[in-house]
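>>> have a look; sequence and predicted model below, questions after that.
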Amino acid sequence: MAADMKRVIQGLVVAKSGDKTASVLVERRVMHPRYHKFVKRFKKYLVHDENNQLNIGDTVSAIECRPLSKAKKFRLKAVLKTGVE
């Protein structure tokens, strides 16, 4: 994969999963093949948070990186909006 082809995801922090890790829920909208309505699809990603600055409810942007653990392949890029907590 080329250096400039890294995926960027944007989502909501739903859990703090251990030290320097947050669970981010990403929502995407796809058209249903038969009914032609937009339906929501969700997926959770583990994001590396080096400074432990994320809280539940934050909206964040994360960028793809080398595998940091078995399930952690994204690192924090920016906090777009802080949450309630």
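Received, thanks.
>>> centre-most residue in this protein?
In the chain, the residue lying closest to the centroid (C-alpha atoms, centre = their mean) is residue 24, at 4.0 Å.
>>> residues in contact with the helix or strand where it lies?
Assigning secondary structure by DSSP states H and E places residue 24 in strand 21-31. Defining contact as C-beta atoms under 8 Å, 6 or more residues apart in numbering, one finds that strand 21-31 is touched by 9-17, 37-49, 54, 60, 62, 72, 74, 76. All C-beta atoms are positioned from the backbone trio N, CA, C, and that covers glycine.
>>> now the helix or strand hosting residue 44: buried residues?
Here residue 44, judged by DSSP H and E, is contained in strand 38-48. Across strand 38-48, burial judged by 16 or more other C-beta atoms under 10 Å covers 45-48.
>>> one more: stretch 20-30?
For stretch 20-30, a neighbour-count test (16+ other C-beta under 10 Å) marks 20-24 as buried.
>>> distance check, residue 8 against residue 24.
12 Å (C-beta to C-beta, to the nearest Å).
>>> give me the common contacts of these two.
residue 62.
>>> how about residue 74, secondary structure?
Judged by DSSP: H, G, I helix; E, B strand; the rest coil, the three-state class of residue 74 is strand.
>>> what bridges to it?
Beta-bridge partners for residue 74, by DSSP bridges, are residue 47, residue 64.
>>> show me the contacts for it.
Residue 74 makes contacts with 9, 24, 45-48, 62-65, as judged by C-beta under 8 Å, 6+ apart.
>>> any idea how far residue 84 is from it?
Distance of residue 74 to residue 84, computed by C-beta to C-beta: 23 Å.
>>> cool, thanks, talk later.
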